[in-house]
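Asks: quick one, what's the 3D model for this:
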Amino acid sequence: MKKHSTLIYLVNSFQAEEAAQNRADDVIGNQLTVMEFEPSERSIENILNFARSYEVLETESVGYAEMNLN
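Replies: Reported below is the predicted structural model:
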């Protein structure tokens, strides 16, 4: 019968988890750095217009109130 040490099990588990995390980080990093498309100018303008008209105020009675000013 083969005997396994708890320490060896923990080291192997840690190394496997670290390797999986590194692979996941590489995939995520590659996806974030490669842009396959660009948003249109109109989309950017719509987002910026919304950001200009959006406001959040803190009130005493209800906490935070969100407003979209037209």
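Asks: can you show me the strands along the protein?
Replies: Along the chain, counting by DSSP state E, strands occupy 54-59, 63-68.
Asks: these: which one's closest to residue 43?
Replies: Closest approach to residue 43 among the strands of the chain (C-beta to C-beta): strand 54-59, 16.4 Å. Where you see a C-beta, it was placed from the backbone N, CA and C, and this is true even at glycine.
Asks: quick check: mean pLDDT of the closest one?
Replies: For strand 54-59, the mean pLDDT works out to 90.
Asks: what is it packed up against?
Replies: Packing partners of strand 54-59 (3 or more C-beta pairs under 8 Å, 6 or more residues apart in numbering; DSSP states H and E): strand 63-68.
Asks: turn the strands of the chain into CSV, including mean neighbour count and distance to residue 41.
Replies: Shown next, in CSV, are the strands of the chain (neighbours: other C-beta atoms under 10 Å; distance: least, C-beta to C-beta, whole Å):
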stretch, mean neighbour count, distance to residue 41
strand 54-59, 9, 20
strand 63-68, 9, 22
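Asks: need the ones you listed in TSV with distance to residue 44, can you?
Replies: Formatted as TSV, the strands of the chain follow (distance: least, C-beta to C-beta, whole Å):
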stretch	distance to residue 44
strand 54-59	16
strand 63-68	19
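Asks: what segments of this structure are helices?
Replies: Here the chain has its helices, by DSSP state H, at 6-33, 41-53.
Asks: might you list the low-confidence residue ranges for the protein?
Replies: Where the chain drops to pLDDT under 70, the residues are 1-11, 14, 24, 27-35.
Asks: at 90 instead, please
Replies: Counting by pLDDT under 90, the chain shows low-confidence ranges at 1-39, 59-62, 66-70.
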